[in-house]
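In: Fold the following, please.
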Amino acid sequence: DVPFNVIENYKLLRTNIVFSLSTNDKKVFAVSSASLSEGKSTSTINIAIAFAQTKNKVLLIDADMRKSVVHKAFSLENKSGLSTVIGNMTNFDETVHKNVIENLDVLTSGVTVPNPSELLASKNFEELINTLSDRYDYIIIDTPPINIVSDALTIKNSIAGIMLVVNYAHTTYNDIESCMKKIKIADMNMFGFILNNVNIKKKAGYYSFEEDFPKQKP
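Out: Model prediction:
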């Protein structure tokens, strides 16, 4: 069972994202991280579930076509998905996994392709999101780490903003700084951070950003 405090934290996060989206016509946002192994996809999945629990119609898209895990989390087939839909090899309705849980549809990443950045930057992707925005209350997109590849930055015109997952005492200050510079250059709207694996027993009071995010990896 998921601990109560974890469930409540995702509900609070959902509320904060809803407020961030309230002034934007697009109810589409992405989740990414600075580097690998930050818990990005797990956070994205939990956010999608939290949104679906409000009885809104939610679509979760796995746009991490390089290292996709969403289909594994839900035990779904991934022979077709986002890559085949954008590539016009399949259509959305025959590809999407409907009601994976109540009110949550999932579009997996699809087959591995040599040019994921180009697919996400394509007019086909932008048109797909525009079309699906009329069918879903919220669309949540899992994207690759920003410091590794530029995929997440290429979809800025299709989304309202992006959330960044950081891992307590694993993500370095330099990782975050580099990532934030890329987001700023791309002129992408930043919603905020999701801090994973916080050691709540470490201190009773506030913690120092630079102390808990080391300059260099160990």
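In: Where does the prediction get shaky in this structure?
Out: Applying pLDDT under 70 to the chain flags residues 1-6, 169, 197-218.
In: mind listing the helices for it?
Out: Taking DSSP state H as the criterion, the chain carries its helices at 4-21, 40-52, 70-73, 82-86, 92-95, 116-120, 123-132, 173-185, 209-212.
In: Need the residues that contact the first one.
Out: By C-beta atoms under 8 Å, 6 or more residues apart in numbering, the residues outside helix 4-21 that reach it are 27, 29, 46-47, 49-51, 54, 138, 160-161, 163, 191-192, 194. Placement of C-beta: from N, CA and C, glycine included.
In: Selecting buried members of these in PyMOL, what would you type?
Out: A single PyMOL command selects the buried members of the contacts of helix 4-21 (16 or more other C-beta atoms under 10 Å):
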select buried, resi 27+29+46+47+49+50+51+138+160+161+163+191+194
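In: Out of the contacts of helix 4-21, which is nearest to Glu102?
Out: Of all these, Glu102 sits closest to Ile49, with 9.9 Å by C-beta to C-beta.
In: Spatially central residue for the protein, please.
Out: With distances taken as C-alpha atoms, centre = their mean, the chain has Val31 as the residue nearest its mean C-alpha position (2.4 Å).
In: check contacts around that residue.
Out: 40, 43-44, 47, 140-143, 162-165, 194.
In: Tell me how far it lies from Ile194.
Out: When distance is defined by C-beta to C-beta, to the nearest Å, Val31 is 8 Å away from Ile194.
In: Common neighbours of the two, please.
Out: Between them, Val31 and Ile194 share these contacting residues under C-beta under 8 Å, 6+ apart: 43, 163-165.
In: so the residue nearest to the centre of the chain bridges to which residues?
Out: Asp142, Met163 (DSSP bridges).
In: ok, of the contacts of Val31, which come out buried?
Out: Buried by 16+ other C-beta under 10 Å: 40, 43-44, 47, 140-143, 162-165, 194, out of the contacts of Val31.
In: Going by distance to Glu126, which of those wins?
Out: Glu126 lies nearest to Ile141 out of those, by C-beta to C-beta, at 12.4 Å.
In: Contact partners for the closest one?
Out: Counting by C-beta under 8 Å, 6+ apart, Ile141 makes contact with 28-31, 44, 61, 63, 155, 159.
In: Format the helices of the chain as TSV; extra columns: distance to Asp105.
Out: Output for those, formatted as TSV (distance: least, C-beta to C-beta, whole Å):
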stretch	distance to Asp105
helix 4-21	17
helix 40-52	9
helix 70-73	12
helix 82-86	13
helix 92-95	10
helix 116-120	19
helix 123-132	9
helix 173-185	28
helix 209-212	37
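In: how about those helices, which one is nearest Thr108?
Out: Closest of these to Thr108 is helix 70-73, at 4.2 Å (criterion: C-beta to C-beta).
In: buried residues in the closest one?
Out: So helix 70-73, judged by 16+ other C-beta under 10 Å, has buried residues 70-71, 73.
In: residues in contact with it?
Out: For helix 70-73, using C-beta under 8 Å, 6+ apart, the contacting residues are 41-42, 44-45, 60, 62, 64, 76-78, 81, 106, 108-109, 142.
In: quick one: that helix to chain centroid distance?
Out: 14 Å (C-alpha atoms, centre = their mean, to the nearest Å).
In: Having no further points to raise, I will conclude here.
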